[in-house]
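>>> sequence first, predicted coordinates after that:
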Amino acid sequence: MPSRRSLRRPAAIGAVACAALATGLLTSPQSASAAGARIHDIQGSTRISPLAGKQVSGVPGTVTAVRTFGSARGFWVQDPHPDEDRATSEAVFVYTGKESPKVAVGDAVTVDGTVSEYYPGGKDAGLQSVTEITDATWKVTASGAELPATFKLNAASIPARYAPDAGGKSIESRTLRPCSYALDRYESLEGMRVSVSDAPVVGPTNTHHELWVTAEPKHQRTARGGALYSSYGDPNGGRVKVASLIPLAQQPFPVADVGDRLTGATSGPLDYDNFGGYTLQATELGKAAGKSPDPESTRKQADNELSVATYNVENLSPTTPQAKFDRLAKALVHHLAAPDVVALEEVQDDNGATDDGTVTAGKTLKKLTEAIKAAGGPAYEARQIDPANDKDGGEPGGNIRVAFLFNPDRVAFKDIAGGDATTPVKAVGDHGRATLSASPGRIAPTDPAWKESRKPLVGQFALKSRPDSRVFVIANHFNSKGGDQALDSRFQPPARSSETQRTGQAKLVNAFVKDLLAKDPKADVVVAGDLNDYQFSPALKALTDGGALTDLVGRLPRAERYGYVYSGNSQVLDHMLTSRHLTRTDYDIVHINAEYADQASDHDPQVLRIRP
């Protein structure tokens, strides 16, 4: 008969134990009273403690980690004598607020306090809760105790399915099935010591000293080492955020890019927060090793090709450090081969976030075009339309907008007066061809779909080597995903409330493209920008409705369909689409930012070469 402790070891996880749990042979003491409660009684077999709100006393365990910084200080305590239910965690966080607890790793303690459920970001954020003991007092009964063995996170211990389907309702009251769902597995380990070994880095180190790894090295990998997010049905359950409880002065946090590895073992308690979900709070931290792929460069366009790029320059304003302007310029000139036309997103007004009524962006664009010229690039000209003050969303006071840059040596811009913040641009017939009522112009800028969001900018271009050509470029920046429930939400599947507005925006752009094509079925149209949505989303289906446009990301090899990395998921948010007449296209997502700890923007730019 194995010991109770051995039942919690990773080696004991197998089909027999999982089958026993699924059929109810292993049960949790959900009816446990506060008197004499152990940690597994506090945690219970659902996401909410059966003792929430109750006082507990004399709860035994071993201190496994201590957090002595920030406003959420405390320590993790784990019971070295677990029960036989894999659904119940054997560890809990003891919250001490802003006071550093006077305990040490290895202390055997008994804890008194109140069982509480803490919702990171507030309960309305839709995230899961963390079971804690608050208003705590404790007694150290011994020191130097052996720590419980870590639970090994790997492909064998993480189920392929991510979360139970509750029809969008909460899964809090459901009995955890850690052998069936990845989210249930993590919840069943809340607060417990876990570890990853030689883990691939799938999300680069950020400014908060965090990175993401995957415990499933062979699952859904990109061509450059990331974790590919390619459908709502598979959010890559092996992703785990890594933070550190080790003081930076003692061990600096590893600076790692996607494609690197954390060598050796990384271990510590499994936490949960509102900036990335389940987090391994490392008390033992691996080192970054390997060599991430070098930043990419695309080829130069041929004389008879028009190259169009899209680049989200992330809240660019004259207050932005010059070093960022220089890096953006270098990327445009050298990595993107000086595109003929550039659709820029997140261009701010001339004093950035200062909210004083300024809406012009001439200084912002002048500073960028000067940096491009200094980097050896062309003398780009710019076209844009100032928005109405504080009406386009983004950083308050920033008056974010989309804008065009173009190289006048290779491209002619058709200036047609009449475009302003509120006047809608129209497709106009012109002797069997299409033209615009205003260039640049904005698509349906007063439609409710664009409330607190950037309006699309349309411009008419011609390749100078083909002066009769007409190329309509539509620069976009659809509304953000703010307000959506997270992938790891307690509501499953999570609600994507922002999707409704993006779908409405997509329908308006689609309708405008169809108007152009009604005037000229052979019109050359390029739709580009940060659409803030995936290639498999309802918004992209609405944008391509009726075959008016083709989303070019679908023509790339599957492992290359990404240009943004969020919480360890490599995904598509930026897109380039073309009308059906543009049959000869060469499309490239140029990976220079999203996979790197050191980045000029959080988006990778994209380049399209066409022959109008």
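Good, I have the coordinates.

>>> assumed L328 was part of a helix.
Yes - L328 sits within a helix when classified using DSSP: H, G, I helix; E, B strand; the rest coil.

>>> surely it touches A600?
Yes - the criterion here is C-beta atoms under 8 Å, and L328 meets it with A600 at 5.5 Å. The C-beta positions use only the backbone N, C-alpha and C, and glycine is treated the same way.

>>> residues in contact with Q348?
With C-beta atoms under 8 Å, 6 or more residues apart in numbering as the criterion, the residues that contact Q348 are N315, L316, S317, A361, T364, G394, E395, G398, N399, I400.

>>> now the helices for the stretch 301-450 of the chain?
For the stretch 301-450 of the chain, the helices defined by DSSP state H, counting those that start in this stretch cover 322-330, 362-374.

>>> A594 is nearest to which of these?
Proximity to A594 (C-beta to C-beta) singles out helix 322-330 among the helices of the stretch 301-450 of the chain, at 14.2 Å.

>>> give me the residues contacting that closest one.
Y311, V313, L316, K367, L368, A371, I372, A374, A375, G377, A600, S601.

>>> quick one: buried ones out of those?
Among the contacts of helix 322-330, those classed as buried by 16 or more other C-beta atoms under 10 Å are Y311, V313, L316, K367, L368, A371, I372, A375, G377, A600, S601.

>>> list the helices and strands the helix or strand hosting L608 packs on?
Assigned by DSSP states H and E, L608 belongs to strand 606-610. On a contact count with 3 or more C-beta pairs under 8 Å, 6 or more residues apart in numbering; DSSP states H and E, strand 606-610 meets strand 306-316, strand 524-530, strand 574-578, strand 585-589.

>>> for the residue nearest to T96 when sequence neighbours are not counted, give its distance to S116.
Distance criterion C-beta to C-beta, 6 or more residues apart in numbering; nearest residue to T96, sequence neighbours excluded, is G74 at 4.5 Å. Using C-beta to C-beta, to the nearest Å, G74 is found at 12 Å from S116.

>>> now swap in L508 and tell me
Taking C-beta to C-beta as the measure, L508 falls 47 Å from S116.

>>> could you report the neighbour count for D468?
8 (other C-beta atoms under 10 Å).

>>> and it, what does it touch?
D468 makes contacts with A462, as judged by C-beta under 8 Å, 6+ apart.

>>> buried ones in the helix ranked longest in the chain?
Ordering each helix of the chain by length in residues (DSSP state H) puts helix 499-519 first. Across helix 499-519, burial judged by 16+ other C-beta under 10 Å covers 499, 501-517, 519.

>>> who's the residue nearest to T96 bridged to?
Beta-bridge pairing of G74 under DSSP bridges involves R67, Y95.

>>> quick one: which of the helices of the stretch 301-450 of the chain is nearest E346?
Nearest to E346 among the helices of the stretch 301-450 of the chain is helix 362-374 (10.3 Å), distances taken as C-beta to C-beta.

>>> using PDB, write out every CA atom in that closest one.
Extracted as PDB, the C-alpha positions of helix 362-374 are listed here (Å, rounded to 0.1, in the frame of the first residue of the first chain):
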ATOM      1  CA  GLY A 362       2.400  66.700 -37.800                       C
ATOM      2  CA  LYS A 363       5.200  66.800 -35.300                       C
ATOM      3  CA  THR A 364       4.900  63.100 -34.600                       C
ATOM      4  CA  LEU A 365       5.000  62.200 -38.200                       C
ATOM      5  CA  LYS A 366       7.800  64.700 -39.000                       C
ATOM      6  CA  LYS A 367       9.900  63.200 -36.300                       C
ATOM      7  CA  LEU A 368       9.400  59.700 -37.700                       C
ATOM      8  CA  THR A 369      10.100  60.700 -41.300                       C
ATOM      9  CA  GLU A 370      13.200  62.600 -40.300                       C
ATOM     10  CA  ALA A 371      14.500  59.500 -38.400                       C
ATOM     11  CA  ILE A 372      13.800  57.400 -41.500                       C
ATOM     12  CA  LYS A 373      15.800  59.700 -43.700                       C
ATOM     13  CA  ALA A 374      18.600  59.700 -41.200                       C
END
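
>>> who are the packing partners of it?
Short answer (3+ C-beta pairs under 8 Å, 6+ apart): helix 362-374 packs on strand 306-316, helix 322-330, strand 381-383, strand 401-406.

>>> any chance of TSV for those, columns distance to A438 and mean pLDDT?
Compiled in TSV, the helices and strands packed on helix 362-374 are given as follows (distance: least, C-beta to C-beta, whole Å; pLDDT from 0 to 100):
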stretch	distance to A438	mean pLDDT
strand 306-316	20	98
helix 322-330	28	98
strand 381-383	11	98
strand 401-406	14	98
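
>>> dump the ones you listed to TSV, plus distance to L211.
Formatted as TSV, the helices and strands packed on helix 362-374 follow (distance: least, C-beta to C-beta, whole Å):
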stretch	distance to L211
strand 306-316	20
helix 322-330	21
strand 381-383	37
strand 401-406	31
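
>>> nearest to A528, out of the ones you listed?
Among those, the nearest to A528 by C-beta to C-beta is strand 306-316 (4.0 Å).

>>> with respect to Q78, which of the contacts of helix 322-330 is nearest?
When those are ranked by distance to Q78 (C-beta to C-beta), S601 comes first, at 41.7 Å.

>>> I'd say that closest one and Y311 touch.
Yes - here S601 reaches Y311: they are 7.3 Å apart, a contact under C-beta under 8 Å.

>>> can you show me the CA trace of stretch 262-276 as CSV?
Presented in CSV, the C-alpha positions along stretch 262-276 are these (Å, rounded to 0.1, in the frame of the first residue of the first chain):
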residue,chain,number,x,y,z
LEU,A,262,14.9,27.9,-19.2
THR,A,263,17.5,25.2,-18.5
GLY,A,264,17.4,23.0,-15.6
ALA,A,265,14.6,23.1,-13.1
THR,A,266,12.3,26.0,-12.3
SER,A,267,10.1,25.4,-9.3
GLY,A,268,7.9,27.2,-6.8
PRO,A,269,4.3,27.6,-5.7
LEU,A,270,1.6,27.9,-8.4
ASP,A,271,-0.1,31.2,-8.1
TYR,A,272,-2.8,33.0,-10.1
ASP,A,273,-3.1,36.7,-11.0
ASN,A,274,-4.9,39.0,-13.4
PHE,A,275,-1.9,39.6,-15.7
GLY,A,276,-1.3,36.2,-17.2
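
>>> so E305 sits right up against V607, yeah?
No - if you go by C-beta under 8 Å, E305 and V607 don't touch, sitting 10.6 Å apart.

>>> of the two, who's got more company?
A direct count of neighbours by other C-beta under 10 Å for E305 and V607 places V607 higher, at 24 against 21.

>>> distance of the residue lying closest to Y119 once chain neighbours are set aside relative to T319?
Leaving aside its chain neighbours, Y119 sits nearest to S129 (5.0 Å; criterion: C-beta to C-beta, 6+ apart). Relative to T319, S129 is positioned 39 Å away (C-beta to C-beta).

>>> with neighbour numbers in mind, choose between these two.
S129 (20 against 14).

>>> which residues does that one contact?
S129 makes contacts with R47, I48, E117, Y118, Y119, E172, R490, as judged by C-beta under 8 Å, 6+ apart.

>>> who wins for neighbours among those residues?
Counting by other C-beta under 10 Å, top hit in those: R490 with 26 neighbours.

>>> could you verify my assumption that that residue touches S173?
No - at 10.0 Å, R490 does not count as touching S173 under the criterion of C-beta under 8 Å.

>>> now the common contact residues for the two.
Common neighbours of R490 and S173, using C-beta under 8 Å, 6+ apart, are R47.

>>> and for K218, the neighbour number?
The burial count for K218: 9, using other C-beta under 10 Å.

>>> G121 now?
There are 12 residues near G121, going by other C-beta under 10 Å.

>>> relative to G483, how far out is it?
Taken as C-beta to C-beta, the span from G121 to G483 is 12 Å.

>>> next: K366.
From K366 across to G483, the span is 35 Å (C-beta to C-beta).

>>> that older thread, redo the helices and strands packed on strand 606-610 as a markdown table? Include distance to P408.
As requested, the helices and strands packed on strand 606-610 are exported to a markdown table (distance: least, C-beta to C-beta, whole Å):
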| stretch | distance to P408 |
| --- | --- |
| strand 306-316 | 14 |
| strand 524-530 | 19 |
| strand 574-578 | 22 |
| strand 585-589 | 23 |
